[in-house]
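Enquirer: Just to be clear, the model below is a prediction. Sequence and coordinates:
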Amino acid sequence: MKNILALLTSALFLSVVLTLSHALLRAAALYTPFALPWFIRVAPALLLYGVVFIAYTFLLKYFDISLLYPIYTAISIIGVSLVGIAYFGESFTYSKLIGMTFLLLGISLISL
């Protein structure tokens with residue numbers, strides 16, 4: 001149980017950082033490329049990608065890639081979808097909800 005909690009906590013950390021980096025890039029897309037407001041959003045997004053890369057590399061010493069990668073990727077996909085809906089006014093549809101549900105179900109089956 002302790003190892004599962006550590007795995008889920010690690011995956012959640014990676015997911016949150018990755019989701020935030022995607023949100024920053026989405027926000028940057030609203031500005032002219034290479035203008036100051038664009039750089040203000042792209043630079044931290046790249047830094048966050050670096051954090052994910054380094055943390056993921058470190059965490060692979062402790063967790064199976066076949067578990068960590070699918071879990072953090074699925075949570076990131078759900079997080080990006082929710083950020084898109086909540087902050088960028090993207091549409092919420094039942095098909096998105098069903099897709100998120102299947103992602104969680106699939107990850108649960110992989111993790112058994």
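Expert: That came through, no problem. Numbering: from 1, shown residues only.
Enquirer: residues in contact with the worst-scoring helix or strand of the chain on mean pLDDT?
Expert: Taking mean pLDDT, DSSP states H and E as the measure, the chain has helix 94-111 as its least confident helix or strand, at a mean of 92. Residues outside helix 94-111 that contact it (Cβ atoms under 8 Å, 6 or more residues apart in numbering): S66, L67, P70, I71, A74, I77, I78, S81, I85. Quick note: C-beta positions are derived from backbone N, CA and C, even for glycine.
Enquirer: change it to 7 Å
Expert: L67, P70, I71, A74, I77, I78, S81 (Cβ atoms under 7 Å, 6 or more residues apart in numbering).
Enquirer: Please identify which of those is nearest to Y56.
Expert: Closest approach between the contacts of helix 94-111 and Y56, by Cβ to Cβ: I71, at 11.8 Å.
Enquirer: Tell me how far L46 lies from L112.
Expert: From L46 over to L112 the distance is 36 Å, taken as Cβ to Cβ, to the nearest Å.
Enquirer: Could you give the separation of stretch 16-23 from the chain centroid?
Expert: 5 Å (Cα atoms, centre = their mean, to the nearest Å).
Enquirer: quick one: I107 and H22, what's the gap?
Expert: 19 Å.
Enquirer: Same question for L104.
Expert: Counting by Cβ to Cβ, the gap from L104 to H22 is 19 Å.
Enquirer: hang on, the earlier thing: among L46 and L112, which residue is more densely surrounded?
Expert: Here L46 and L112 are compared on neighbour count by other Cβ atoms under 10 Å; more neighbours surround L46, at 12 against 4.
Enquirer: ok so, going back, please say which of L104 and H22 ends up with more neighbours.
Expert: Shown here are L104 and H22; by other Cβ under 10 Å, H22 has more neighbours (19 against 14).
Enquirer: any idea how far the helix or strand in which L24 is found is from the chain center?
Expert: Assigned by DSSP states H and E, L24 belongs to helix 2-28. Relative to its parent chain, helix 2-28 has a centroid offset of 5 Å by Cα atoms, centre = their mean.
Enquirer: Could you give me the buried positions within the helix or strand following that helix?
Expert: Where DSSP H and E defines the elements, the next helix or strand beyond helix 2-28 is helix 36-59. Using 16 or more other Cβ atoms under 10 Å as the test for burial, helix 36-59 gives W38, R41, V42, A45, L48, Y49, V51, V52, A55, Y56, L59.
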